[in-house]
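> Prediction below, plus the sequence it came from.
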Amino acid sequence: MVNMWAISRDPEVWVDPLEFKPDRFVARDGEMEFSVFGSDLRLAPFGSGRRTCPGKALGLTTVTYWVASLLHEYEWLPLDENAVDLSEVLRLSCEMAKPLVAKVRPRCGRLSPAQLSSV
Ligand code: HEM
């Protein structure tokens, strides 16, 4: 078993590993695109090698589509009384100990009057 949890928190592998810096995965000039398909063990969410996930292309496409759709259709707002808590709990996989609660508002320009009245 490869301990991906430890690798992704190792300061010798990642600069400021606990900071939220999504741009760390964006290729800069002259760099290769960061692969999450198993060739780069700094981050291998689908495993690697002979038993790598056969559904990785479908999984990545689907999750990308969900996230893009949710961001495109809704404005996401924090709840003041409920700050984001990134504490973890290990179940089947590593989950948020306190589930994320957020307020969403439809991006109204994209809704018809009939849709708006039902929101
Ligand atoms: C974001 C979505 C997904 C993630 C993060 C994910 C992750 C993983 C991981 C980490 C493994 C273990 C790989 C290893 O042992 O090295 C795995 C195995 C597997 N995944 Fe996925 N997976 C996803 C989606 C899917 C989908 C959509 C399917 C099927 C349609 C699928 C089917 C499988 C199967 C059958 C295995 C076992 C492969 C084997 O042991 O030979 N996965 N997945």
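Cool, got the structure.
> Next, see if stretch 92-102 gets close to the ligand.
No. Figure legend: stretch 92-102 not in contact with the ligand (C-beta under 6 Å from any ligand atom); closest approach 8.5 Å. The C-beta positions use only the backbone N, C-alpha and C, and glycine is treated the same way.
> and the end-to-end length of that stretch?
Using C-alpha to C-alpha, to the nearest Å, the end-to-end distance of stretch 92-102 comes to 24 Å.
> What parts of this protein come near the ligand?
Proximity of the chain to the ligand (C-beta under 6 Å from any ligand atom) is limited to residues 45-48, 51-55, 58-59, 63.
> If we only consider those residues, which is nearest to Val89?
The closest of the residues of the chain next to the ligand to Val89 turns out to be Pro45 (C-beta to C-beta; 18.6 Å).
> can you pull out the strands in this structure?
In the chain, the strands defined using DSSP state E lie at 74-78, 88-90, 94-96, 102-106.
> Just checking: what are the partner strands of the first one?
Using DSSP bridges, the strands paired with strand 74-78 in its sheet are strand 102-106 (antiparallel).
> Which parts of the strand it pairs with count as buried, going by neighbours?
Buried positions in strand 102-106, judged by neighbour count with 16 or more other C-beta atoms under 10 Å: none.
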